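J.: Coordinates only, no sequence provided:
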């Protein structure tokens, strides 16, 4: 074995070095003579969050929004702009753009959008189109409760950590699942291959997430509706704030000591939250609603871009006349009468939720029709017996429907189809029923094999009706619903 020797000078140098380390450690230890320095109180941070939800393709106010946010950023470094989802379906300029949905994604990014929830109507154009728009966006879309995709759609991230001037906000998002099979309220065909879990349950996996816990603020940015957002605050105390969407409500409410907000719909309102956050707690909360139509300052470049997107003269040609402002039931009468004329069916149904606007007084244009019916649904007809249809109409799951055709009445606690002589139609009577393919797919157990599937969308047939059959509409007082 080789011997190991240390010379005297080397020994003394090493001992001196070690003694210095020991003395340094001794000086740094807590003692009455050397007390530890007091802990520094975390500095309070002032941040601003602007939010919108459910714009449904409306783009008219993004110039004003950009002007507001840009001005805020002149004096504040920690400014965030977020969306509670449902950015699609409701404006023909966006819905019928050659790249469906692109205009609003483009304008949101240029206005400074940081992150958006994925709403149920983001699926309305289909998974392939949604994937493209998510790739086009300069900001992320989030959805934590989409758990499985078997058709090629890439599952979006459920959370994102955004940092501005050393302040970190963790955003987590979930979407409502109010349709059959625990899926969002969109056309079933557009959701094939996707599996979702309940939003409030999906939030649980972030309880011990190290990145979430290290953030200065945790925000649930949801498209879950007011009741869902309330459940999140009641069940998940690590969430500091909920910014929501889906039911088009306007509120700022406190639940379990924390706040949840929503900002209406159609890009009419912008919410401004001014917060002071210290040691992970919101110590000051100020809520302000900005009515965008009343804002005078705007961004000229954005206004020019919006004008270019709106320059679609084919949407604004006159194809008919409305003799009054029609409310939803009156507009639904026009809708169902038109499709009964087109199909020749004995009875036509339309869900009230699919009538998204009223038919206003004056000229009727394709833009108006696409606004009333933005979903690009197909049209099916079915041969059925009276008994088969009445089973559906009286089921507990049957929706509220407008109709045109065979008269219906509530008799003896149930809906019955009535003949011209006032008597109930016999159960075995065969009839033809037409309805949009959203309804026929949601209620496939009742509408199984269509006898006819029409080539055009329901909105296109409404336009055909105005051009070819009836151009003057006056449905004053009409209300046919079950």
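T.: Received the coordinates, thanks. Predicted model, so just to flag it, every value in this text is computed and none were measured. Numbers count the residues shown, from 1 in each chain.
J.: switch to C-alpha atoms for all contacts and neighbour counts from now on
T.: Noted.
J.: List the buried residues for the helix or strand hosting residue 133?
T.: Per DSSP states H and E: residue 133 is located in helix 127-136. Along helix 127-136, the positions that meet the burial threshold by neighbour count (16 or more other C-alpha atoms under 10 Å) are 127, 129-131, 133-134.
J.: Would you format those residues as a markdown table with pLDDT and distance to residue 175 included?
T.: As requested, these are exported to a markdown table (pLDDT from 0 to 100; distance: C-alpha to C-alpha, whole Å):
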| residue | pLDDT | distance to residue 175 |
| --- | --- | --- |
| 127 | 98 | 15 |
| 129 | 98 | 19 |
| 130 | 98 | 15 |
| 131 | 98 | 17 |
| 133 | 98 | 18 |
| 134 | 98 | 16 |
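J.: which among those residues gets closest to residue 457?
T.: The nearest member of those to residue 457, counting by C-alpha to C-alpha, is residue 129 at 17.9 Å.
J.: What sits closest to the closest one if chain neighbours are left out?
T.: residue 100 (7.1 Å; C-alpha to C-alpha, 6 or more residues apart in numbering).
J.: Can you read off the pLDDT for the one you found?
T.: As predicted, residue 100 sits at a pLDDT of 98.
J.: Show the contacting residues for it.
T.: For residue 100, the contact set (C-alpha atoms under 8 Å, 6 or more residues apart in numbering) comprises 94, 125, 129.
J.: My guess is residue 449 contacts residue 433. True?
T.: No. The pair residue 449 and residue 433 does not pass the contact test of C-alpha atoms under 8 Å, sitting 11.9 Å apart.
J.: quick one: common contacting residues for the two?
T.: Each of residue 382 lies in contact with both residue 449 and residue 433 under the rule C-alpha under 8 Å, 6+ apart.
J.: So which of the two has more stuff around it?
T.: Applying other C-alpha atoms under 10 Å to residue 449 and residue 433 shows that residue 433 carries more neighbours, namely 24 against 14.
J.: which ones are touching the more buried one?
T.: Taking C-alpha under 8 Å, 6+ apart as the definition, contacts of residue 433 comprise 345-349, 381-384.
J.: Can you lay out those as JSON lines showing distance to residue 269, pLDDT and neighbour count?
T.: Formatted as JSON lines, the entries for these read as follows, by distance: C-alpha to C-alpha, whole Å; pLDDT from 0 to 100; neighbours: other C-alpha atoms under 10 Å:
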{"residue": "345", "distance to residue 269": "42", "pLDDT": "98", "neighbour count": "20"}
{"residue": "346", "distance to residue 269": "44", "pLDDT": "98", "neighbour count": "16"}
{"residue": "347", "distance to residue 269": "40", "pLDDT": "98", "neighbour count": "21"}
{"residue": "348", "distance to residue 269": "37", "pLDDT": "98", "neighbour count": "26"}
{"residue": "349", "distance to residue 269": "34", "pLDDT": "98", "neighbour count": "24"}
{"residue": "381", "distance to residue 269": "41", "pLDDT": "98", "neighbour count": "24"}
{"residue": "382", "distance to residue 269": "43", "pLDDT": "98", "neighbour count": "19"}
{"residue": "383", "distance to residue 269": "46", "pLDDT": "98", "neighbour count": "19"}
{"residue": "384", "distance to residue 269": "46", "pLDDT": "97", "neighbour count": "18"}
